[in-house]
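J.: below: sequence and its predicted model.
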Amino acid sequence: MSNQLSNLEAQLEALRHEGENAIAAADNLERLEELRVSYLGKKGQLSVLLGGMGKLPAEERPKIGAIANTVKEALQTGIEKQRHNLEAAKIQAQLESETIDVTMPGEYRPQGNIHPLNGIIDRTLDIFVGLGYTVAAGPEMESDYYNFEALNTPPDHPARDMQDTFYLSDGNLLRTHTSSVQIRYMEQEEPPIRVVAPGRVYRRDTVDATHSAVFHQIELLAVDEGLTFTDLKGTIKVFLNEMFGDLPIRFRASYFPFTEPSAEVDLQWNGRWLEVMGCGMVDPNVLKTVGYDPEVYTGFAAGFGVERFAMVLHQIDDIRRLYNSDLRFLRQFH
Ligand code: DAH
């Protein structure tokens, strides 16, 4: 055996030994790949060693080739084994980091509650939907026609003084009441009609404890053959009893351009009569305006302020509390 051969053989053995140790010590996949390139790559240490094979006598080359193959296989096997270990460890670590401890206490999330105004609106809609009514809405920017004229309130009508209106420069206005929805709804539908319409309304009021320039109303409208004032009274009574409890109510004669006769409804609350809503039989002129025959159909309507209901029900002394989003105030309403 030539010296060169035994020398090369020893070097191969040393390479295998060193390589196996380094591979077993690799603690991540990147490091392992570096080692693979360093030992087995095209320009790796094994190739470099085998470059020296050319100096061997021809008959010794197969021997060294065979040894080189076992070294190569040993390193490859070592790399595969280590890769497998590292991958398994990585998955294990991931599983451990993602473990959920189902016995841990939950994260506290404060629970919100319904704003008192939305509470009144929700309850009202529930009651009327229960009575077979449909919920409707209309635009807050209105034309003079829907807010006044079609509601039997022509331009020179004194009732226009009752409501100080925000007029817009284009001739439209911000609706002063949800009664405008009556007209829009009747234009679209044929009787029989049972509709409840909540929404925002606007008035040029000075803002104080009981007035706001923007507030909310809910409008009711029923049109059918043979509806009478008795139906109106019965409906209002059912509603107010549901909302406030079984308290005395009374109807007082009043005036609205779009109803005839008209009434105001008072509720006895803590021993005092409180005015809570306006109502009446739909004026025949209004029915004519939307193309209904007042000889065939009659209707009743009513409207009330949501803020007023909320203030009475919850004993709120200042309307502005309903708008300034103070959580200490709002958290009281469950
Ligand atoms: N629109 C009236 C207001 O803003 C309230 C009202 C009164 C509505 C009588 C009605 C009604 O539908 O019949 O003060």
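T.: Perfect, thanks for sending it.

J.: can you pull the pLDDT of M104?
T.: We note a pLDDT of 89 for M104 in this prediction.

J.: please apply the same query to the one 5 residues further on.
T.: The score at R109 is 88. That number is its pLDDT.

J.: tell me which other helices or strands the lengthiest helix in the chain touches.
T.: Ranked by number of residues, the top helix in the chain under DSSP state H is helix 61-97. Judged by 3 or more CB pairs under 8 Å, 6 or more residues apart in numbering; DSSP states H and E, helix 61-97 is in contact with helix 3-25, helix 29-40, helix 45-51. Where you see a C-beta, it was placed from the backbone N, CA and C, and this is true even at glycine.

J.: for the first one, what is the distance to the chain centroid?
T.: Average the C-alpha atoms of helix 3-25, do the same for its chain, and the two points are 69 Å apart (CA atoms, centre = their mean, to the nearest Å).

J.: which elements pack onto that helix?
T.: helix 29-40, helix 45-51, helix 61-97.

J.: just to check, P116 is in contact with V312?
T.: No: taking CB atoms under 8 Å as the definition, P116 is not a contact partner of V312, at 11.2 Å.

J.: higher neighbour count, the two?
T.: P116 (22 against 17; other CB atoms under 10 Å).

J.: need the contact list for the more buried one.
T.: A310, L313, H314, I316, L322, L330, F333 (CB atoms under 8 Å, 6 or more residues apart in numbering).

J.: and of those, the nearest to V214?
T.: L322 (10.7 Å; CB to CB).

J.: quick one: contacts for E140?
T.: L174, R175, G199, R200, V201, Y202.

J.: adding distance to E187 and secondary structure, write those out as TSV.
T.: As requested, the contacts of E140 are exported to TSV (distance: CB to CB, whole Å; DSSP: H, G, I helix; E, B strand; the rest coil):
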residue	distance to E187	secondary structure
L174	20	strand
R175	16	coil
G199	17	strand
R200	21	strand
V201	20	strand
Y202	22	strand
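
J.: and which of those residues is nearest L125?
T.: Using CB to CB, the contacts of E140 come closest to L125 at G199, 11.9 Å.

J.: how about low-confidence regions in the stretch 201-334 of the chain?
T.: Nowhere does the stretch 201-334 of the chain drop to pLDDT under 70.

J.: residue numbers of it in contact with the ligand?
T.: Residues of the stretch 201-334 of the chain lying near the ligand by CB under 6 Å from any ligand atom: E219, F256, T259, G278, C279, G280, A301, A302, G303.

J.: can you tell me, leaving aside adjacent residues, what's nearest to the second one?
T.: Here the nearest residue to F256 in space, its sequence neighbours aside, is S262; by CB to CB, 6 or more residues apart in numbering that works out to 4.4 Å.
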